[in-house]
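Asks: sequence and computational prediction follow.
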Amino acid sequence: MTETLPETPEESTRELPPVEAEQVTEATRVTEAVDDTDDDAAPFRPGIGGWIARGLIWALLAWVVFALPGNILSPFELGVSDVGHASKAAIFAIIGLSLNVLIGYTGTISLGHQAFVGVGAFVSAYVVVDMGLEFWVAVPIAAAVGGLQAALLGAISLRLTGLYFALVTLAYGLFAEETLFGITAFTGGEGGKNVPRPLGFEDDYTFYYLCLAFLAAVLWVDWRLMRSKGGRALQALRENPRVASSYGINVKAYTLMAFVVSGIFASIGGALLAQQSTFLVPKTFSFQLALIFILMTVVGGLRNRVGVVIGSVVFALLEEGTLVHLLHLEGILDSTIGLPAEFFGLVIGPILLLLTITLYPGGIGQQIAPIAQWLRGRKFDIHAGKVTEVEVTDVRA
């Protein structure tokens, strides 16, 4: 025997007790109201003027990145040294992304990151100069050595967490600075080592575009990583390692994976840095450089690739004194605090760090979030990307 189901809500309510009939009628009313709201709230679409404005901004950004450093369609004439600084800024962006994998994705801080960059630089120089191989062979070798040293250091020290792990990386950075980089056969010692640039990229203009290509590749790999199973695991263990472990995530294995990826990225940046400077000396990779790497990553905005890239560019230009020269601040610095332009980054860096922690916990990435959202075709929202406080899990102590 089959039952005939009622076809309308009214028929259904007639067959139910009074209380249940009122509940069904109220639920139907709420559902219809939600449906009406969904129909009225159409997704935001910019008008023709909005798309034109966005297109002009994108064109301006593309001109600044691609055309200006190469003196293409530009009323300004950039010198060789300025383009060299732009190449270094792109390399620093790669190094910032490598450190963001550790601090931003896993909440693990590294105080000896200059060691990974330095090893990548000297391995690349050794392969090119002493072994006579091409740059295109030296970069994969440097990346492999960087990943290997990160794996070995991580396997030994990942039993520790937070501050203790940071101290281990600090000790490794000092060890590399005082011991590894002092091996004359490997680094050239105090006399340094001349490093020729790859064939076809000898001048600063073409080498800048080579650095941009590597930066784009690292950005793509980082983007793909965070959309993979491993990337989701990294985000989970950053939030709470114990909870992630309870869901079957191997905390140590994925942290080691992040450490290896960070080492590979840093070594690629080091290999490019060797080619950019064309002359390597061990004292370049000091603890001061490690501090700059941390400052530019945190000020840029943890877990925000665009913010990290911008922060790295700013600190690269500060380290070279280029930004001070562009803003014509040399006389002011000399007359007030007597500070050389090259050391201005170490003064302004901590100030920016304090402002980041107190006012903009999301760093530069938080500050540009409304504009970035608008450029992607969404409605301009001044509160987009707002972070009210520094998350405890950003760096686990």
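Replies: Everything's here; your move.
Asks: mind checking how far Leu352 is from Leu225?
Replies: 28 Å (C-beta to C-beta, to the nearest Å). For glycine as for every other residue, the C-beta is placed from the backbone atoms N, C-alpha and C.
Asks: okay, those two: which has more neighbours?
Replies: Leu352 (22 against 16; other C-beta atoms under 10 Å).
Asks: Gly231: neighbour count?
Replies: 19.
Asks: quick one: it and Val221 touch, right?
Replies: No: assessed by C-beta atoms under 8 Å, Gly231 is found out of contact with Val221, at 10.9 Å.
Asks: which residues in the stretch 151-300 of the chain form helices?
Replies: 162-178, 184-187, 204-225, 229-239, 241-246, 251-277, 287-300 (DSSP state H, counting those that start in this stretch).
Asks: wait, which of these is closest to Leu60?
Replies: helix 204-225 (17.1 Å; C-beta to C-beta).
Asks: name the residues that touch that closest one?
Replies: 65-66, 69-71, 80, 83-84, 86-87, 90-91, 93-94, 97-98, 100-101, 197-198, 200-201, 231, 261, 265, 268, 272, 275-276, 305, 309 (C-beta atoms under 8 Å, 6 or more residues apart in numbering).
Asks: how far off centre is that helix?
Replies: Here the centre of helix 204-225 is set off from its chain's centre by 13 Å, with C-alpha atoms, centre = their mean, to the nearest Å.
Asks: the residue most central in space within the chain sits in which helix or strand?
Replies: Taking C-alpha atoms, centre = their mean as the criterion, Leu97 is the residue nearest the geometric centre of the chain, at 3.2 Å. According to DSSP states H and E, Leu97 maps onto helix 80-106.
Asks: quick revisit: any of the contacts of helix 204-225 buried? List them.
Replies: Buried members of the contacts of helix 204-225, counted by 16 or more other C-beta atoms under 10 Å: 69-70, 83-84, 86-87, 90-91, 93-94, 97-98, 100-101, 197-198, 201, 231, 261, 265, 268, 272, 275-276, 305, 309.
Asks: returning to that earlier point: could you check the angle the helix holding Leu97 makes with helix 251-277?
Replies: With axes from the mean of the first three to the mean of the last three C-alpha atoms, to 10 degrees as the basis, helix 80-106 and helix 251-277 are set at 180 degrees to each other.
Asks: what's the first helix or strand after helix 80-106?
Replies: From helix 80-106, the next helix or strand downstream (DSSP H and E) is helix 113-125.
Asks: ok and that following helix relative to helix 80-106, angle-wise?
Replies: Interaxial angle, helix 113-125 versus helix 80-106 (the same axes, to 10 degrees): 120 degrees.
Asks: just the C-alphas of helix 113-125, formatted as PDB.
Replies: Extracted C-alpha coordinates of helix 113-125, given in PDB (Å, rounded to 0.1, in the frame of the first residue of the first chain):
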ATOM      1  CA  HIS A 113      69.200  32.100   7.100                       C
ATOM      2  CA  GLN A 114      72.200  33.900   5.700                       C
ATOM      3  CA  ALA A 115      74.000  30.500   5.900                       C
ATOM      4  CA  PHE A 116      71.600  28.900   3.400                       C
ATOM      5  CA  VAL A 117      72.000  31.900   1.100                       C
ATOM      6  CA  GLY A 118      75.700  31.900   1.400                       C
ATOM      7  CA  VAL A 119      76.100  28.200   0.800                       C
ATOM      8  CA  GLY A 120      74.000  28.600  -2.400                       C
ATOM      9  CA  ALA A 121      76.100  31.500  -3.500                       C
ATOM     10  CA  PHE A 122      79.500  29.800  -2.900                       C
ATOM     11  CA  VAL A 123      78.400  26.400  -4.400                       C
ATOM     12  CA  SER A 124      77.200  28.100  -7.500                       C
ATOM     13  CA  ALA A 125      80.400  30.100  -7.800                       C
END
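Asks: buried residues of that helix, list them for me.
Replies: By neighbour count on 16+ other C-beta under 10 Å, the buried set for helix 113-125 is 113-125.
Asks: same check, this time on stretch 214-229
Replies: Judged by neighbour count using 16+ other C-beta under 10 Å, the buried positions of stretch 214-229 are 214-215, 218-219, 222, 225-226.
Asks: just the closest of those to Val313, please.
Replies: Leu215 (10.3 Å).
Asks: what is the burial count for Tyr360?
Replies: 18.
Asks: isn't it right up against Gln366?
Replies: Yes: counting by C-beta under 8 Å, Tyr360 sits close enough to Gln366 to count as a contact (5.1 Å).
Asks: average model confidence for stretch 298-308?
Replies: Taken as a whole, stretch 298-308 has an average pLDDT of 90.
Asks: a markdown table please, covering the buried residues of stretch 214-229 and showing distance to Asn250.
Replies: Below are the buried residues of stretch 214-229 laid out as a markdown table (distance: C-beta to C-beta, whole Å):
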| residue | distance to Asn250 |
| --- | --- |
| Phe214 | 31 |
| Leu215 | 31 |
| Val218 | 25 |
| Leu219 | 27 |
| Asp222 | 21 |
| Leu225 | 17 |
| Met226 | 18 |
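Asks: mind putting those in TSV, pLDDT and distance to Ile57 included?
Replies: As requested, those are arranged in TSV below (pLDDT from 0 to 100; distance: C-beta to C-beta, whole Å):
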residue	pLDDT	distance to Ile57
Phe214	96	26
Leu215	96	21
Val218	96	25
Leu219	96	20
Asp222	94	24
Leu225	91	29
Met226	89	26
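Asks: out of those residues, the closest to Gly55 would be?
Replies: Among the buried residues of stretch 214-229, and counting by C-beta to C-beta, the member closest to Gly55 is Leu219, at 22.0 Å.
Asks: need the contact list for Ser81.
Replies: With contacts taken as C-beta under 8 Å, 6+ apart, Ser81 has no neighbouring residues.
Asks: surely Leu73 is in a helix?
Replies: No: counting by DSSP: H, G, I helix; E, B strand; the rest coil, Leu73 is not found in a helix; it is coil.
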